[in-house]
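# Make a model of this:
(2 chains)
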Amino acid sequence: MLIQINTPVPKDIPLDLPLPEWLLVILLIVSFLLHIIFVNLMIGGSIVTLWAQIKGLKNKDYDTFAHEIAKTITVNKSLAVVLGVAPLLSINVLYTIYFYSANALTGFAWIMIIPLVTTAFLLTYLHKYSWSNLENNKSIHIAIMAIAVAIFLFIPLIFLTNVNLMMFPEKWGTVQGFLSALILPNVFPRYFEFLGACVAVTGIFIVWYNNRKPYPIEEIYTSFSRYDIKKIGYSIATIGLSLQILFGIVVLLTLPTKGISYSVIGAMTLAGILLAIALWFSYKSLVSEQEKIDLHFNKILLSITVFMVVYGGSRQIYRHNSLEKHQKLVAAHTKEFQKLSAEARENPVEESSELEIDPSFGDVARGAAIFKQNCAACHKQNEKLVGPPMTEMVSIYANNIEGLKQWIKAPGKKRPDYPQMPSFSQLSDEDRYEIAKYILSINK
Amino acid sequence: MDFPMFHLDWLNDRFLIAMIAILHVFINHGLAVGFIPYITWLEQKGVTDAGKNQITDLDWDNLVYKKMKIAFIITTTIGAMTGVGIWFSVALVSPASLGSLIRVFYFAWFTEWLVFVTEVVLILIYFLTWNNSNKSLKAKTRHIRFGWYLSIFSWFTMAIIVAILGFMMDPGNWNNNHTFFNGFTNPIYLPQLLFRTPTAMLVAGVFGMLLTTIFAPKGSEMRAKAIRYAGKWILASTPLVIIGAVYYWNVMPSAMKVNMATAVGSMEFSQYYQLLKYFIVGTASLSIVLGVFAFFKPKKINFAYVILPCLFVFGFLGIFERVREFIRKPYVIGNYMYSNLLRKEDYPLYKKNGILPYMTYTSVTEITEENKIIAGRDIFINTCSRCHTASPEGVNSITYVFERMYGIGKPLDENSMASYIPNMHNGRTFMPPFPGNKKELGALVAYIKQLQQTGGSLEGVQTTGVKINPLNSAVSVSKKIEETTKENEKLLTQK
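Numbering: from 1, shown residues only, chains lettered A, B, ... in the order given. This is a model prediction of the structure:
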């Protein structure tokens, strides 16, 4: 109960969702999975490239292998970015209040994603296109990739911090900036599980990529055979899958209680079993003989794909559970505010901008009132405020009320040391006449 | 109001968006929408101009490829990421407006995404298969065809997003009927599209000529030919630019009318508006001179001749974007949401009860002498900070705009400011009306006065976090809702 005092209940955007909620949820999950596969390949590919290139200092074939993987990163990264737009759009519309609040609360880190990722992308191009130019400066060449990898490893933390923070409005009042949101429970276990996925997916990709018949392995490598490279792929996948299972268990154990339900636990356990199946077949492929190495590939692919759907689904159920109550409060609050707003629109308060006529001004009372409302903020009777004093106007326009009226309608710029006066063309001709009449009356 | 307020107190929040957005527009128009057809055209010229026993003129093809490589690297890194960056920065600075726009334009953005995915796949195919396609005439022809497909798709991405930009200036009939179609067919849509399409071609032609002066060997026939082609390209697009720009320029005041209370608008607008006229004339003449010169004396053209027009056409595009931004004021979504992110329809409620009770994040709900300054700060961040900074050193700082009126360096007078603010939207029509009540106005001017005295600054929630308004906490809101339901039930039983 105590914590609820510190839970804000903002109002939602009072416009209808463009599609039924369930459809938006499906679009979110499907498009997010597509996006994350290419993100996995981009990050996992960069890590593998870096590792292989370092190994390549001793064995030239590893350097070639690194180059081949590097060529895929720049393609995968373009797809990762463009495929990210749809889930971003869907999460924006489904969880407007939650997502934007988390973004703002971690604002610096959030906006730093843009220059950091741009830099990492440029570095991957530099790395790819300078392979032969930096042939004799391997340490510089490897360092370029190392910086890109470091950036790629940091960015997921910002995203995970945001999608985590958005689920806990009760924490919004306690976080101060990115770092304090980063250390909320469950961010790091999810991060390491994600890195495992990057490595695993990249391993499977390497097996597929090198298994394509038209891909001329013999022309590219001196000693590596197709079998050798596929074995590298399976080892990478096996390591990745093991990491995923290990940290997956940590994720489950550190999951904050708020959104847990039997269906979440059930789905996550099923996801874990699917990973274990993939791991088992990946390991079997790794230790199999040459002719049997392709035997289990489709099983691995299938179990990983189903895993992604199930795990993605479990995250969605968890998010739904965590926010359900709060979303109801938000909806009710929004409705109530809408009602109040409509009532106030129908019965507006007497605007203080209603003219306050002071009868003591006699026949210029109306002009005086309009002047007070529109002009007094800048003009005083005897001294300069923003514009010149009224006495000066009288000396210029003493017998020229039409001229003064015209000036109020379309002022020019006369004095270099004064700001130009804005036009008062929104007033009626009569009102401008009244103002002019009042101004010219002050000395009488 | 409902969102924690991210704030940059020196750079100014708008500037963050502007910086990212303008870079994106330059790259999108100059290196994609206009550039791809230009490159494809040149690639095709290589094939048609080649000897009978050649697929293409390989040196020429290589020059075109190099230009494309630059565009490819820039568009898929800075171009793509600034596109995402517009989203990210607007989500931070202007969440309520982006949230509303997405609810209206979800389908447009979703379609945009599909087109965008196609565009990226096509650009990957187009660029990465370039060298392989040189092996046979059939492959080369197919490659060129891909270039044209890519051109069409990159134009489509622009054609969709322009609808949203036009909507923000003048939503047309949408304010009466909130449908997607009414939003999409807004009055500024066509003029903007007719302006942007040839302008993208022009920028691409000038930028392409600039790249030619870098990559093609000096004095070579190939260089002269490439520059002459760029000259033709520029000469062909310039008349269309003039027509598009003049058309767009002519409808601008009508967009202005929708947004501003006054018909003729403010002096800032007329200044910009005049400036645009000079830019249209200047850019058109400069482009024609460059095009004619390149056509007749291509060998004379070098980097130094092209860089100035190149900067000028980018500037031309930039100044139009600046005016477009300005015209929207005082709204961020015409006649619906003010630039302070408050909806016009909620103003009567704020006038009645004040704005503080409805703010999700503030520690003050009842203004007293003691908490006046803090209340002023919270009001400032919710109603002024999207456009003004608090620190006197910041861009468009609140103390500077008042000092500019009352005298630079002079102590600000709380009474003068308090009588000015409630009426400012009359004189300065680009300002939204102040939404709060008298007490809140007093707190705000006290805060501004203190800012001037102490030179303080205002940190956004990204560093300070948020304080939750006790009136809008889960406890109070659920209590209030329970009470209303009970009352409603009572009313029902009474009936």
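# count of neighbours near the residue in the stretch 101-250 of chain B that chain A sits nearest to?
Using CB to the nearest CB, the closest approach of the stretch 101-250 of chain B to chain A is made by B:Y106 at 3.6 Å. The C-beta positions use only the backbone N, C-alpha and C, and glycine is treated the same way. By other CB atoms under 10 Å in any protein chain shown, 20 other residues sit near B:Y106.
# And for A:Q290?
12.
# Where does the prediction get shaky in the stretch 251-400 of chain A?
Residue ranges of the stretch 251-400 of chain A with pLDDT under 70: A:350-354.
# Chain B contacts on that one?
Within the stretch 251-400 of chain A, the positions adjacent to chain B are A:326, A:329, A:332-333, A:336-337, A:340-341, A:343-345, A:348-349, A:351-353, A:373-374, A:376-378, A:385-386 by CB under 8 Å from any CB of the partner chain.
# Helices - which of the residues you listed land there?
Among these, the members found in helices (DSSP state H) are A:326, A:329, A:332-333, A:336-337, A:340-341, A:343-345, A:373-374.
# ok now do B:W60, which residues does it touch?
Going by CB atoms under 8 Å, 6 or more residues apart in numbering or on different chains, B:W60 touches B:42, B:45-46, B:49-50, B:222, B:225-226.
# quick one: it from B:G291, how far?
21 Å (CB to CB, to the nearest Å).
# Could I get the contacting residues of the closest residue in space to A:P422 that isn't next to it in sequence?
Spatial nearest neighbour of A:P422, excluding adjacent residues (CB to CB, 6 or more residues apart in numbering or on different chains): B:G427 at 4.3 Å. Neighbouring residues of B:G427 by CB under 8 Å, 6+ apart: A:374, A:377-378, A:421-422, A:424.
# now do A:I69
A:45, A:48-49, A:52, A:206.
# What strand or helix carries the residue of the stretch 101-250 of chain B closest to chain A?
Here B:Y106 sits within helix B:95-128, counting by DSSP states H and E.
# now for that helix, which elements pack on it?
Packing partners of helix B:95-128 (3 or more CB pairs under 8 Å, 6 or more residues apart in numbering or on different chains; DSSP states H and E): helix A:60-94, helix A:96-105, helix B:58-74, helix B:80-93, helix B:137-169, helix B:180-184, strand B:331-333, strand B:337-338.
# Relative to B:L492, which of these is closest?
Closest to B:L492 of these is helix A:96-105 (CB to CB; 31.1 Å).
# Skipping adjacent residues, who's closest to the residue in the stretch 1-150 of chain A that chain B sits nearest to in space?
Residue nearest to chain B within the stretch 1-150 of chain A (CB to the nearest CB): A:G107, separated by 3.1 Å. Using CB to CB, 6+ apart and skipping residues adjacent in sequence, the residue nearest A:G107 is B:Q462, 3.1 Å away.
# contacting residues around the one you found?
Going by CB under 8 Å, 6+ apart, the list of residues near B:Q462 reads A:104-108, A:110, A:177-178, B:6-7.
# do that again at 7 Å, thanks
By CB atoms under 7 Å, 6 or more residues apart in numbering or on different chains, the contact set of B:Q462 is A:104-108, A:177, B:6.
# Now name the helix or strand holding it.
Element membership for B:Q462, per DSSP H and E: helix B:461-464.
# List the buried residues in that helix.
The neighbour-count check on helix B:461-464 (16 or more other CB atoms under 10 Å in any protein chain shown) flags B:461-462 as buried.
# got the buried residues for the helix or strand that it is followed by?
Next in sequence after helix B:461-464, counting helices and strands by DSSP H and E, comes helix B:474-494. Buried residues in helix B:474-494, counting neighbours by 16+ other CB under 10 Å, are found at B:474-478, B:480-481.
# Near chain A, list only the ones from the residues you listed.
Near chain A, judged by CB under 7 Å from any CB of the partner chain, the entries from those are B:474-475, B:477-478, B:480-481.
# Dump these into TSV; add distance to A:V310 and pLDDT as well.
Output for those, formatted as TSV (distance: CB to CB, whole Å; pLDDT from 0 to 100):
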residue	distance to A:V310	pLDDT
B:A474	32	94
B:V475	37	93
B:V477	36	93
B:S478	35	92
B:K480	40	89
B:I481	36	88
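# Mind putting the residues you listed into a markdown table with distance to B:A284?
A markdown table is the format used below for those (distance: CB to CB, whole Å):
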| residue | distance to B:A284 |
| --- | --- |
| B:A474 | 60 |
| B:V475 | 64 |
| B:V477 | 59 |
| B:S478 | 63 |
| B:K480 | 61 |
| B:I481 | 61 |
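# B:F380: which of those is nearest?
Within these, proximity to B:F380 (CB to CB) peaks at B:V477, which comes in at 25.1 Å.
# how many neighbours does the residue nearest to that closest one when sequence neighbours are not counted have?
Excluding its sequence neighbours, the residue lying closest to B:V477 (CB to CB, 6+ apart) is A:V9, at 4.3 Å. Neighbour count of A:V9, defined by other CB under 10 Å: 29.
# And A:T174, by the same measure?
Residues within reach of A:T174, counting by other CB under 10 Å, total 14.
# and it, how far is that from B:T464?
Taken as CB to CB, the span from A:T174 to B:T464 is 12 Å.
# same question, A:I439
According to CB to CB, A:I439 and B:T464 sit 48 Å apart.
# Same question for B:A446.
From B:A446 across to B:T464, the span is 20 Å (CB to CB).
# Under the pLDDT cut-off, which ranges of chain B? List them.
Within chain B, the stretches with pLDDT under 70 are B:256-269.
# Report the contact partners of B:A71.
B:31, B:35.
# actually B:G34, sorry about that
Shown in contact with B:G34 (CB under 7 Å, 6+ apart): B:200-201, B:203-204.
# again with A:Y311
Neighbour list for A:Y311: A:A271 [criterion: CB under 7 Å, 6+ apart].
# What strand or helix carries it?
In this assignment (DSSP H and E), A:Y311 forms part of helix A:297-346.
# What is the distance between that helix and the centre of its chain?
How far helix A:297-346 lies from its chain's middle: 17 Å, per CA atoms, centre = their mean, to the nearest Å.
# same check, this time on stretch A:345-361
Offset of stretch A:345-361 from its chain centre (CA atoms, centre = their mean): 46 Å.
# and the closest residue to B:L342 other than its chain neighbours, how far is that from B:L444?
In this structure, B:L342 finds its nearest non-sequential neighbour in B:P435, 5.6 Å apart by CB to CB, 6+ apart. Noted for B:P435: a distance of 11 Å to B:L444, by CB to CB.
# the more surrounded of the two?
B:L444 (26 against 23).
# From chain A, how far out is the more buried one?
Applying CB to the nearest CB, to the nearest Å, the value for B:L444 to chain A is 15 Å.
# what's in contact with the host helix or strand of that residue?
In this structure, B:L444 sits in helix B:438-454 according to DSSP H and E. Contact with helix B:438-454 is made by B:354-356, B:367, B:372-373, B:375-377, B:379-380, B:390, B:392, B:398-399, B:402, B:412, B:414, B:417-418, B:421-422, B:434, B:456, as judged by CB under 7 Å, 6+ apart.
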